[in-house]
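In: okay, predicted coordinates and the sequence, questions at the end:
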2 protein chains.
Amino acid sequence: MAAKAAVSRKDAYHHGDLRAQLIRATQALIEERGPEKFSVADACRLAGVSTAAPYRHFDTKQDMLEAAALDGIRRKYQRMCAAAAQHPPGSMEGLSAFGIAYVEFAIAEPELFRMIFSIAGREDCANPISDTGEMIYAACIDSVTRYMGKSEPDDESSMISLSLWTVVHGLSFLAIDGKLKHPDGSPVDFREVIRSTGGRILRQ
Amino acid sequence: MAAKAAVSRKDAYHHGDLRAQLIRATQALIEERGPEKFSVADACRLAGVSTAAPYRHFDTKQDMLEAAALDGIRRKYQRMCAAAAQHPPGSMEGLSAFGIAYVEFAIAEPELFRMIFSIAGREDCANPISDTGEMIYAACIDSVTRYMGKSEPDDESSMISLSLWTVVHGLSFLAIDGKLKHPDGSPVDFREVIRSTGGRILRQ
DNA sequence: CGGGCTATGTTAGGGGCGCTAACATCAAAT
DNA sequence: ATTTGATGTTAGCGCCCCTAACATAGCCCG
């Protein structure tokens, strides 16, 4: 019993932290079969609960998917920050690491990555997913501004941030769609593309 | 009766060209409510047929969605070629028009655009959607090669094509996700971004 | 220590949807 | 004219989303 108690917030109740467990189940099933094939009932079977249990934690199936997407983009943000933090702030290496972590997340969890943007793009008004996206973009602008030796973001640094963001975002989709190949079929190293294209954009 | 006969292949049977009509209904519904909310039954109601009718033309709901996506990417390809054809082959203007038509399609039919790449990326083996995608990419490589005054594509022209494709693809997603904004909130003109970024990449 | 209170789980069931089987109808071929 | 095959219909099975009604476990307060 001591082993179970070690898990911070688990076993708090009947079952444990079912909400978090259902989010993990949702992410696993989406990655395995795609979001179209996802069913709440499948997630319940994976978590070992009845098919009505999720409705104590989520209003609808769509709500469950959005919670999974929110958890995903937050994990992505954390990983990007952790990667950038291993380099000096405002350095070229830090910016590259930031972008590389972006594409790496897309490659690691492609279906979740796609769903994050489907939801964020479709939602009419502000939502937590878009908010986290804004935080990522703000961190990018901040790094670019520092790199350029400025104290405050201006039009130039934000346009450069947009260009970098475009490249990284486009690379992510090309990577998960299997289109990152040389004409002979050999794979393109996206890290190299980010470093070289990023460098060209920054010192334009 | 003469008026109905004017429609080329319609009214050929009981109902008309139900397959094409269902594809249009599918696209309309996807754009309206998102692919998650799409149901075959809704498409049937929109087309005015029973809920069993689609299964004479499509094996499954997924098959119907894929047919809608295939129709979409083919229309996209046609529009891109038509736009590029208004300029000299291998010209900067032609290449810009090609890319601009790409983003314009994404903006006009964002849900379909997203679905095209979800399907193309998820499918294990070759499929007609990926094939059409390859045709678009091949046309890009061809234009770049001509622009550079070469007779055959080589590593340089295909790497530049990949960069251009990355930018256009990334811009499309940023546009439909509502992220193409200046820091003050005013919209960014994606045509200008394509022309300037494209120019910088081409004459690097 | 004991009795509500609330949070979280269960079972049962309504309504909708994907898909199939069996039958109907129309156009074309013989 | 009859047959044939393509394309439509109705009826129905099974699964799924979600809700209602009930059960149980920890928490607060005497």
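Out: Nice, I can see it.

In: which parts of chain A sit against DNA strand D?
Out: Proximity of chain A to DNA strand D, by Cβ under 7 Å from any atom of the strand, involves residues A:13-14, A:38-42, A:51-52, A:55, A:59-62. Bear in mind the C-beta positions are built from the backbone N, C-alpha and C, glycine included.

In: which of the residues you listed scores worst on pLDDT?
Out: Checking pLDDT across these, the minimum falls on residue A:13 at 53.

In: average pLDDT for stretch A:83-95?
Out: Averaging pLDDT along stretch A:83-95 yields 97.

In: again with stretch A:120-127
Out: 80.

In: wait, which of the residues of chain A next to DNA strand D is closest to residue A:86?
Out: Residue A:86 has its nearest neighbour among the residues of chain A next to DNA strand D in residue A:38, at 35.4 Å by Cβ to Cβ.

In: ok, now which ones touch residue A:98?
Out: In this structure, residue A:98 makes contact with A:80-81, A:83-84, A:139-140, A:143, judged by Cβ atoms under 8 Å, 6 or more residues apart in numbering or on different chains.

In: longest helix in chain A, by residue count?
Out: When every helix of chain A is counted residue by residue (DSSP state H), the longest turns out to be helix A:61-84.

In: just the buried residues of it, please?
Out: When burial is assessed from 16 or more other Cβ atoms under 10 Å in any protein chain shown, helix A:61-84 yields the following buried residues: A:61, A:64-73, A:76-77, A:79-80, A:83-84.

In: packing partners for that helix?
Out: Using 3 or more Cβ pairs under 8 Å, 6 or more residues apart in numbering or on different chains; DSSP states H and E as the contact criterion, the secondary-structure elements in contact with helix A:61-84 are helix A:18-33, helix A:40-47, helix A:92-108, helix A:110-122, helix A:128-147.

In: dump the C-alpha coordinates for it into PDB.
Out: Extracted as PDB, the C-alpha positions of helix A:61-84 are listed here (Å, rounded to 0.1, in the frame of the first residue of the first chain):
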ATOM      1  CA  LYS A  61     -16.700  13.800 -25.800                       C
ATOM      2  CA  GLN A  62     -15.500  17.000 -27.500                       C
ATOM      3  CA  ASP A  63     -14.600  18.400 -24.100                       C
ATOM      4  CA  MET A  64     -12.500  15.300 -23.400                       C
ATOM      5  CA  LEU A  65     -10.700  15.700 -26.700                       C
ATOM      6  CA  GLU A  66     -10.000  19.400 -25.900                       C
ATOM      7  CA  ALA A  67      -8.700  18.500 -22.500                       C
ATOM      8  CA  ALA A  68      -6.300  16.000 -24.100                       C
ATOM      9  CA  ALA A  69      -5.200  18.700 -26.600                       C
ATOM     10  CA  LEU A  70      -4.700  21.300 -23.800                       C
ATOM     11  CA  ASP A  71      -2.500  18.800 -21.800                       C
ATOM     12  CA  GLY A  72      -0.600  18.200 -25.000                       C
ATOM     13  CA  ILE A  73       0.200  21.800 -25.800                       C
ATOM     14  CA  ARG A  74       1.200  22.500 -22.200                       C
ATOM     15  CA  ARG A  75       3.600  19.600 -22.300                       C
ATOM     16  CA  LYS A  76       4.900  20.900 -25.600                       C
ATOM     17  CA  TYR A  77       5.500  24.300 -24.100                       C
ATOM     18  CA  GLN A  78       7.400  22.900 -21.100                       C
ATOM     19  CA  ARG A  79       9.600  20.800 -23.400                       C
ATOM     20  CA  MET A  80      10.400  23.800 -25.600                       C
ATOM     21  CA  CYS A  81      11.300  25.900 -22.600                       C
ATOM     22  CA  ALA A  82      13.400  23.200 -21.100                       C
ATOM     23  CA  ALA A  83      15.300  22.800 -24.400                       C
ATOM     24  CA  ALA A  84      15.900  26.500 -24.800                       C
END
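
In: chain center to that helix, what's the gap?
Out: Here the centre of helix A:61-84 is set off from its chain's centre by 5 Å, with Cα atoms, centre = their mean, to the nearest Å.

In: what's that helix in contact with?
Out: Taking contacts as Cβ under 8 Å, 6+ apart, the residues outside helix A:61-84 that touch it are A:19, A:22-23, A:26-27, A:30, A:35, A:38-40, A:43, A:54, A:58, A:94-95, A:97-98, A:100-102, A:104-105, A:109, A:112-113, A:115-116, A:119-120, A:127-129, A:132-133, A:135-136, A:139, A:143, B:36.
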